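Asks: here is my input, please return the structure:
(one chain, ligands or ions: 1)
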Amino acid sequence: MSQPAKPLLLGAIADDFTGATDLANNLVRAGMRVVQTIGVPAEPLAADVDAVVVALKSRTNPPAEAVAQSLAALRWLQDAGARQIYFKYCSTFDSRFASEPRGNIGPVTDALMDALGCDFSIATPAFPDNQRTVFKGYLFVGDVLLSESGMKDHPLTPMTDANLVRVLQAQTRRRVGLIDHTVVARGADAVRARMAELRAQGFGLAVVDAVSNDDLLRLGPALADLPLVTAGSGVAIALPANFGLSPSPQAAALPAASGLAAVVSGSCSQATQQQVRAFIDTGRPALALDALAVASDPASAVQRALDWAAPRLADGPVLIYSTAAPEQVRAVQDRLGVQAAGELMEGALAAAARGLVQAGVRRLVVAGGETSGACVQALGIAQMQIGAQIDPGVPWCHARLGAALAAGQGDGLHIALKSGNFGAPDFFTKAFEALA
Ligand code: ADP
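Replies: As a prediction, the model looks like this:
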């Protein structure tokens, strides 16, 4: 039996991995104890928690697959007693399989509402802390409309319309209305009244405006009775209060950390480049994995890196990185192909992470979204308890290692997964200080 001993308060279904962590982080900050699982859990939960966030990888799948995965997650969460379900998507509202222009958010929402017997829900990707705001139903990224932001050129999920009512209406069988800022500004009772009005008029969904955390906190109480909430991670700051919870250090408590420390970085984003430079500037040991050397003999390149790390680990954190400047990355991609270069380096960094853990590393920072996915898989991690935030969007997590990796140093691993542009320049050193 994989179900928790105590019924869950909140059950969340996230359409990608780093998005799940982002949501879990917000729930923990608002007072919930949370475990994030990688896919639908097959094993008992490692901790007694208030919420489970099931991380799927359904954002860019064909809609039927995204629906099937989401329904499987829903069934598990319902069996675990979840009182409310949260469908978490990206704060830029993108979700799409290449040959299906409509997107997955609508089909998944429809399926979850049908399964829950839910006749009304809301949709808002607003995440003001991350400069995603919704006004009059239009989504802004920073100071520009979604359709004028970098998302218009996204390689997998381009967004060319910022009007969320229109975008969602094209994806769902239900009628989509709007709860605009004039209503949200008047507070939860006004939102409740507007929801009742929309429901009476035959609307099944409403996009909700929010331009600040205060808006989200005003909205929160009005969502208490909805079986399903669909949103980015922003709304999460307001939900734990509906269950009588408030921010507390206990929510973020993890087992004590010990063991050796390392950073593995495969992100080539600007913030990560700065973080690699800052780590090197502290004088700590750092080794660059050369992509072309990896291409010619991956196993030897990884082994050389591990042999380099072994005698240094006892003296404090080491860094193994493939992080490189855009022109270097392009040169490698031109030579190997974009996809192949990415998979090659993800595989090498994941093998390095595994080797480091086998060498006794129990405090591990991974930089890069895709790189994180590859490392978590290579480490056989099925669930992570979410701890305190290091920098916005990036918490320390605690995972149990399988028997094959647990030898010697024990089976508990503290791991922080930092996607691309997250984190301050000193992230790679401050993360370990935060754990001390
Ligand atoms: P981010 O979160 O910054 O986007 P990701 O890990 O998601 O980071 O993506 C970075 C991608 O770049 C990965 O597929 C990784 O394997 C690849 N990569 C890393 N280093 C190099 C390199 N030196 N040359 C080419 N590709 C690289």
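Asks: name the nearest residue to Asp16, ignoring sequence neighbours.
Replies: Sequence neighbours aside, Arg59 is the residue nearest to Asp16 in space, at 4.8 Å (criterion: C-beta to C-beta, 6 or more residues apart in numbering). C-beta: built from backbone N, CA, C; applies to glycine.
Asks: tell me the secondary structure of the one you found, please.
Replies: Classification of Arg59 using DSSP: H, G, I helix; E, B strand; the rest coil returns coil.
Asks: so how far is Gln69 from it?
Replies: From Arg59 across to Gln69, the span is 11 Å (C-beta to C-beta, to the nearest Å).
Asks: quick one on the thing from earlier: the residue nearest to Asp16 against Phe97, yeah?
Replies: No: Arg59 is beyond contact range of Phe97, at 9.1 Å (criterion: C-beta atoms under 8 Å).
Asks: for whichever residue of the stretch 301-436 of the chain sits closest to the ligand, give me its contacts.
Replies: For the stretch 301-436 of the chain and the ligand, the shortest gap (C-beta to the nearest ligand atom) falls at Gly368, measuring 2.4 Å. By C-beta atoms under 8 Å, 6 or more residues apart in numbering, the contact list for Gly368 reads 265-269, 272, 349, 418-420.
Asks: around the ligand, which positions in the chain sit nearby?
Replies: Within the chain, the positions adjacent to the ligand are 266-269, 272, 291, 322, 324, 329, 332-333, 341-342, 345-346, 368-371, 419-420 by C-beta under 6 Å from any ligand atom.
Asks: out of the contacts of Gly368, which are inside helices?
Replies: The helices, defined by DSSP state H, take in 272, 349 from these.
Asks: of the contacts of Gly368, closest to Phe279?
Replies: Among the contacts of Gly368, Ser265 lies closest to Phe279 (C-beta to C-beta), at 8.8 Å.
Asks: quick one: the closest one from Ile320, how far?
Replies: Taken as C-beta to C-beta, the span from Ser265 to Ile320 is 7 Å.
Asks: quick one, strands of the stretch 251-400 of the chain?
Replies: 260-265, 286-288, 318-321, 361-367, 383-391, 394-400 (DSSP state E, counting those that start in this stretch).
Asks: and the fourth one, which strands flank it?
Replies: As defined by DSSP bridges, the strand partners of strand 361-367 come to strand 260-265 (parallel), strand 412-418 (parallel).
Asks: same thing with the second one?
Replies: Each strand pairing with strand 286-288, determined using DSSP bridges, is listed with its direction: strand 318-321 (parallel).
Asks: for the partner strand, which outside residues touch it?
Replies: 261-266, 276, 279-280, 284-289, 305, 309, 312, 349, 352, 356, 367, 428.
Asks: centre of the chain to that strand, how far?
Replies: 23 Å (C-alpha atoms, centre = their mean, to the nearest Å).
Asks: swap in stretch 4-13?
Replies: 18 Å.
Asks: quick check: mean pLDDT across it?
Replies: Per-region confidence: stretch 4-13 scores 91 on mean pLDDT.
Asks: end-to-end on that stretch?
Replies: End-to-end distance of stretch 4-13 (C-alpha to C-alpha, to the nearest Å): 17 Å.
Asks: hmm, back to that, between Arg59 and Phe97, which contacts overlap?
Replies: Residues touching both Arg59 and Phe97 (C-beta under 8 Å, 6+ apart): 66, 104.
Asks: more neighbours, those two?
Replies: Arg59 (23 against 20; other C-beta atoms under 10 Å).
Asks: and the more buried one, what does it touch?
Replies: 15-16, 19, 66, 89-90, 94-96, 104, 157.
Asks: ok, now Leu336?
Replies: Leu336 neighbours (C-beta under 8 Å, 6+ apart): 291, 295, 344.
Asks: cool, Met345 as well?
Replies: Taking C-beta under 8 Å, 6+ apart, one finds 266, 289, 291, 294, 322, 371 in contact with Met345.
Asks: redo those residues as TSV? Include distance to Leu23 and neighbour count.
Replies: Formatted as TSV, these follow (distance: C-beta to C-beta, whole Å; neighbours: other C-beta atoms under 10 Å):
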residue	distance to Leu23	neighbour count
Gly266	23	29
Leu289	31	23
Ala291	33	21
Val294	33	24
Ser322	28	29
Thr371	20	30
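Asks: what stretches of this structure score poorly on pLDDT?
Replies: Per-residue confidence for the chain (pLDDT under 70) gives these ranges: 1-2.
Asks: Leu364 contacts Leu356, doesn't it?
Replies: Yes: if you go by C-beta under 8 Å, Leu364 and Leu356 touch, sitting 6.8 Å apart.
Asks: what touches both of these two?
Replies: Common neighbours of Leu364 and Leu356 (C-beta under 8 Å, 6+ apart) are 262, 264.
Asks: please enumerate the helices of the stretch 101-250 of the chain.
Replies: 105-116, 164-169, 181-184, 188-200, 213-219 (DSSP state H, counting those that start in this stretch).
Asks: got the buried residues for stretch 405-421?
Replies: Neighbour counts over stretch 405-421 (16 or more other C-beta atoms under 10 Å) mark 405-406, 409, 412-420 as buried.
Asks: same check, this time on stretch 100-110
Replies: Of the residues in stretch 100-110, those buried (16+ other C-beta under 10 Å) are 103-110.
Asks: again, but for stretch 427-436
Replies: Neighbour-count burial for stretch 427-436 [16+ other C-beta under 10 Å]: 427-432, 434-435.
Asks: in strands, which of these fall?
Replies: In strands, defined here by DSSP state E, there are no members of the buried residues of stretch 427-436.
Asks: of those, which is the nearest to Met151?
Replies: So of the buried residues of stretch 427-436, ranked by how close each gets to Met151 (C-beta to C-beta), first place is Phe427, at 25.0 Å.
Asks: so who does the closest residue to Ile85 other than its chain neighbours touch?
Replies: Excluding the flanking residues, the one nearest Ile85 by C-beta to C-beta, 6+ apart is Leu228, at 4.9 Å. By C-beta under 8 Å, 6+ apart, the contact list for Leu228 reads 84-87, 109, 112-113, 116, 118, 121.
Asks: if we go to 6 Å?
Replies: Neighbour list for Leu228: 85, 112-113, 116, 118, 121 [criterion: C-beta atoms under 6 Å, 6 or more residues apart in numbering].
Asks: what's the separation between the residue lying closest to Trp308 once chain neighbours are set aside and Asn104?
Replies: Leaving aside its sequence neighbours, Trp308 sits nearest to Leu287 (C-beta to C-beta, 6+ apart; 5.2 Å). Going from Leu287 to Asn104 by C-beta to C-beta gives 40 Å.
Asks: repeat for Leu356
Replies: Counting by C-beta to C-beta, the gap from Leu356 to Asn104 is 36 Å.
Asks: now do Ala256
Replies: 40 Å.
Asks: next one: Leu9
Replies: Taken as C-beta to C-beta, the span from Leu9 to Asn104 is 26 Å.
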